[in-house]
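K.L.:
Here's my sequence, what's the structure:
(one chain, ligands or ions: 1)
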Amino acid sequence: MCGIFAVVNDKTNQASQTVLEGLKKLEYRGYDSWGIAIKSAASKLEVEKHVGKIGEAKTSLPEGSLAIGHTRWATHGGVTDANAHPHLDCTGKLAIIHNGIVENYLEFKEDLIKKGHKFSSETDTETVAHLIEEKIKRLPLEKAVFETFNLLVGSNAIGVIDMETETIIACRNGSPLAVGVDEANQQFFLGSDVTAFLKYTNSVHFLEDGEAVVMSRSGVKLYDVKSGKEKPLTLQKLDWKLEDAEKSGYPHFLLKEIMEQKETIAKTAALNETEIIKISESIRNGDKVVLLGCGTASYCALAGKYFLAQAGIESQAYGGYEFLPFSGFANDKTVVIAISQSGETADTLIAARAAKKAGARIVSIVNARGSTLERLSETVLSVGAGPEIAVVSTKAFTAQLATLYLLAKACANKYDEGKQRIKNFKEILDRWMNQDLTDRLIELAKNLIDQEHAYLIGKHLNYPAALEFALKIKETAYIHAEPFAAGELKHGVITLIQKGTPCFVLASNDDVKGEILSSAAELKARGGKIIGIAPFRSEEFEEAVQTPDLGELTVIPNIIVGQFLGYFLGVGRGADPDKPRNLAKSVTVK
Ligand code: F6R
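P.N.:
Residues are numbered from 1 along each chain as shown. Next up, the predicted model:
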């Protein structure tokens, strides 16, 4: 949550524009407010901050080549200009941006006020600026920043700009930071995520917890924050391209990323084979399996549980936020599969760390690169879907699901068969995700546009599919969409169905097809408007969207229908599909 961006030696001398552009790429991390601080020619730090999304915003800041910027997801202090970052110290020579929560900031604030520091915001972040200001009275800048950072409790990343030394210092503990070096132009960048500076360089160092960078006019140096000792800076070249972080002609990232699934799902068949086979061997040899994730990733975990059951493997699936009471049951015969697009979700990390402490082996299925989850895992299955910019997860989810499917097939000694079926997705989706499909879904969205409630049912693999489908509708279109296991209907839920209530029925050509159609009939008998999402026709369906018949993998196109529908409904209802209200892409706080 919150996006950090900074540039040193901006070659255009328009560092505020460069930062603004970078922040637009990071806005998915939070969009309550944004702000920039620049060292202007007048040798001053100039700050501009505004409430609201960056959108088409322009900045009126003066020229300069050293600047920091921030896009905020509010935690401490309301959504106001004053609470927007950057925050200045009392001298106005130092400004700070921050991602995370300083859990112990109140311990310091009172003392700082007594010492005469003037606070202009309600944030925890501003305390850090004044703490550094105090320490700088007796220490060099770097030491003052490191010492201050070492005092902070919680998951945090900070970026500090100092006018006098023309330096930007950044420290990481729990919240992501990457530094980019454009050797040719001697420009240096800092970002919560590499997409923000991919336009300038793909030469990157992902900071580890406890690391800091000092970015000066002459270069970037890496330090250990605790000891203050310099470390070698190792840069890696990423294979991500600029287009991956651009809309490429699509009106929204969400639509682009839905369409990219034509490639990304099939691509997973070419990844991680050796690791998958190895993990499947230990699972077959009796290791207990626990799947973890939050939100969409938790539905992926649940779907994984069904895939593994088909392979004869018993497993458990948890939302990361509910795992702790059970973490003590993990031991060195437990494989914990932690699923996360960002690899930075606080609850998933807490759960994975607890399992690791109990002796479990952590396997992560992640999409973003250089994440905290990757670092704490013994094995990483990187799903290679490329940067997912829209807040709502689509292509990362299906790539993770395909990877779990491959793991289940490997457990059943049928990896090659699974690999071929995943490979086939390219051709199948190319054929199915065409204009006819989107026209049909736009028409359906128009019919549903004024609905405030919808219900969904699915059985077995289509149950997690219904959960994910409903989440897409809720997140993107702000419609209350409630998913149920079809079997649950008669136990209470059916009271909610009235004449005309939209009821999505997700189904496959499987051995529970008859049962789900009976549930559809029961809903219909109570007046429900039945919308079938399935690879077959049925007279129970008043409306239908036909999906390709892919056996147990039919759930993937069934879910894609939900992604599209969420998108079209969201656009139709005037929501911003890339940045739904109140959400942030990386939920790095508990
Ligand atoms: C839904 C969505 C969220 C995330 C959840 C976990 O579209 O994006 O529910 O799935 O916040 O995020 P990651 O996968 O980054 O751990």
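
K.L.:
Looking at the protein, what residue ends up closest to the ligand?
P.N.:
Using Cβ to the nearest ligand atom, the single residue of the chain nearest to the ligand is Gly295, 1.9 Å away. To be clear about C-beta, it is placed using only N, CA and C from the backbone, and glycine gets the same treatment.

K.L.:
Quick check, that residue in contact with Leu471.
P.N.:
Yes - counting by Cβ atoms under 8 Å, Gly295 touches Leu471, with 7.0 Å between them.

K.L.:
The residue of the chain closest to the ligand: how many residues sit nearby?
P.N.:
Residues contacting Gly295 under the criterion other Cβ atoms under 10 Å number 23.

K.L.:
For it, give me its contacts.
P.N.:
Contact partners of Gly295, counting by Cβ atoms under 8 Å, 6 or more residues apart in numbering, are 393, 471, 587.

K.L.:
Now intersect those with the helices, please.
P.N.:
Using DSSP state H, the members of those that fall within helices are Leu471.

K.L.:
Now render the contacts of Gly295 as JSON lines, adding pLDDT and neighbour count.
P.N.:
As requested, the contacts of Gly295 are exported to JSON lines (pLDDT from 0 to 100; neighbours: other Cβ atoms under 10 Å):
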{"residue": "Ser393", "pLDDT": "97", "neighbour count": "28"}
{"residue": "Leu471", "pLDDT": "98", "neighbour count": "22"}
{"residue": "Val587", "pLDDT": "74", "neighbour count": "18"}
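
K.L.:
so which of the contacts of Gly295 are also by the ligand?
P.N.:
Checking the contacts of Gly295 against the ligand by Cβ under 6 Å from any ligand atom, the ones in range are 393, 471, 587.

K.L.:
where does Asn582 land on pLDDT?
P.N.:
Note on Asn582: pLDDT of 79.

K.L.:
pretty sure Ala408 contacts Ala303?
P.N.:
No - applying Cβ under 8 Å as the test, Ala408 and Ala303 come out as separate, 9.9 Å apart.

K.L.:
Output the contacting helices and strands for the host helix or strand of Ile283.
P.N.:
Here Ile283 is covered by helix 273-284, with elements defined by DSSP states H and E. Other elements packing on helix 273-284 under the criterion 3 or more Cβ pairs under 8 Å, 6 or more residues apart in numbering; DSSP states H and E are strand 334-340, strand 361-366, strand 379-382, helix 395-411, helix 415-423.

K.L.:
what mean pLDDT would you report for the helix or strand that the second one is followed by?
P.N.:
Next in sequence after strand 361-366, counting helices and strands by DSSP H and E, comes helix 372-376. On average, the pLDDT along helix 372-376 is 90.

K.L.:
Check which helices and strands helix 372-376 sits against.
P.N.:
Taking 3+ Cβ pairs under 8 Å, 6+ apart as the contact cut, helix 372-376 packs with helix 346-357, strand 361-366.

K.L.:
one more time with 10 Å, if that's ok
P.N.:
strand 203-206, strand 334-340, helix 346-357, strand 361-366, strand 379-382 (3 or more Cβ pairs under 10 Å, 6 or more residues apart in numbering; DSSP states H and E).

K.L.:
Pick the most deeply packed of those.
P.N.:
Ranked by average neighbour count under the criterion mean count of other Cβ atoms under 10 Å, those are headed by strand 334-340 at a mean of 28.

K.L.:
That strand pairs with which strands?
P.N.:
Paired strands of strand 334-340, with direction, are strand 288-293 (parallel), strand 361-366 (parallel) (DSSP bridges).

K.L.:
phi, psi of Asn509?
P.N.:
Here the main-chain torsion angles of Asn509 (degrees, to the nearest 10) amount to phi -80, psi 70.

K.L.:
so it touches Val555, yeah?
P.N.:
No - with the criterion set as Cβ atoms under 10 Å, Asn509 and Val555 do not qualify as a contacting pair; they are 11.7 Å apart.

K.L.:
and the two? which has more neighbours close in?
P.N.:
More neighbours sit around Val555 than around the other of Asn509 and Val555, counting by other Cβ under 10 Å; the figures are 31 against 13.

K.L.:
how close does the more buried one get to Phe541?
P.N.:
Counting by Cβ to Cβ, to the nearest Å, the gap between Val555 and Phe541 amounts to 18 Å.

K.L.:
Then Arg172?
P.N.:
Distance of Arg172 to Phe541, given as Cβ to Cβ: 52 Å.

K.L.:
Neighbour count for those two, which is higher?
P.N.:
Between Arg172 and Phe541, counted using other Cβ under 10 Å, Arg172 has the larger neighbour count: 27 against 21.

K.L.:
beta partners for that one?
P.N.:
With DSSP bridges as the criterion, Arg172 is bridged to Ala157.

K.L.:
again, but for Leu456
P.N.:
Where Leu456 sits in a bridge, its partners, by DSSP bridges, are Pro483, Phe504.

K.L.:
quick one, what contacts it?
P.N.:
Leu456 is in contact with 462-463, 465-470, 473, 481-484, 486, 502-506, 531, 533, 562, counting by Cβ atoms under 10 Å, 6 or more residues apart in numbering.

K.L.:
Would you mind checking the residues you listed for buried ones?
P.N.:
For these, burial is judged from neighbour counts taken by 16 or more other Cβ atoms under 10 Å, and it is met by 462-463, 465-470, 473, 481, 483-484, 486, 502-506, 531, 533, 562.

K.L.:
From those residues, which land in strands?
P.N.:
The strands in this structure, assigned by DSSP state E, contain 481, 483-484, 502-506, 531, 533 from the buried ones among the contacts of Leu456.

K.L.:
overlap between these and the residues near the ligand?
P.N.:
Taking Cβ under 6 Å from any ligand atom as the test, the ligand is in contact with none of these.

K.L.:
would you turn the residues you listed into a markdown table with pLDDT and distance to Ala196?
P.N.:
As requested, these are arranged in a markdown table below (pLDDT from 0 to 100; distance: Cβ to Cβ, whole Å):
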| residue | pLDDT | distance to Ala196 |
| --- | --- | --- |
| Ala481 | 97 | 33 |
| Pro483 | 97 | 35 |
| Phe484 | 96 | 40 |
| Pro502 | 97 | 39 |
| Cys503 | 98 | 42 |
| Phe504 | 98 | 37 |
| Val505 | 98 | 42 |
| Leu506 | 98 | 37 |
| Ile531 | 98 | 40 |
| Ile533 | 98 | 37 |
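
K.L.:
Which one of those residues is nearest to Val79?
P.N.:
Ala481 (26.9 Å; Cβ to Cβ).

K.L.:
Hmm, Ile38 is touching Glu166, no?
P.N.:
No - checked against Cβ under 10 Å, the pair Ile38 and Glu166 is beyond contact range at 11.6 Å.

K.L.:
Please identify which of these two sits among more neighbours.
P.N.:
For Ile38 against Glu166, the residue with the higher neighbour count under other Cβ under 10 Å is Ile38, and the figures read 30 against 17.

K.L.:
Show the model's pLDDT score for the nearest residue to the more buried one once chain neighbours are set aside.
P.N.:
Excluding the flanking residues, the one nearest Ile38 by Cβ to Cβ, 6 or more residues apart in numbering is Ala67, at 4.0 Å. According to the per-residue confidence, Ala67 scores 97 in pLDDT.

K.L.:
give me the number of residues near Ala67?
P.N.:
Residues near Ala67, counting by other Cβ under 10 Å, number 31.

K.L.:
Assign a three-state SS to it, would you?
P.N.:
Here Ala67 is strand, with the state taken from DSSP: H, G, I helix; E, B strand; the rest coil.
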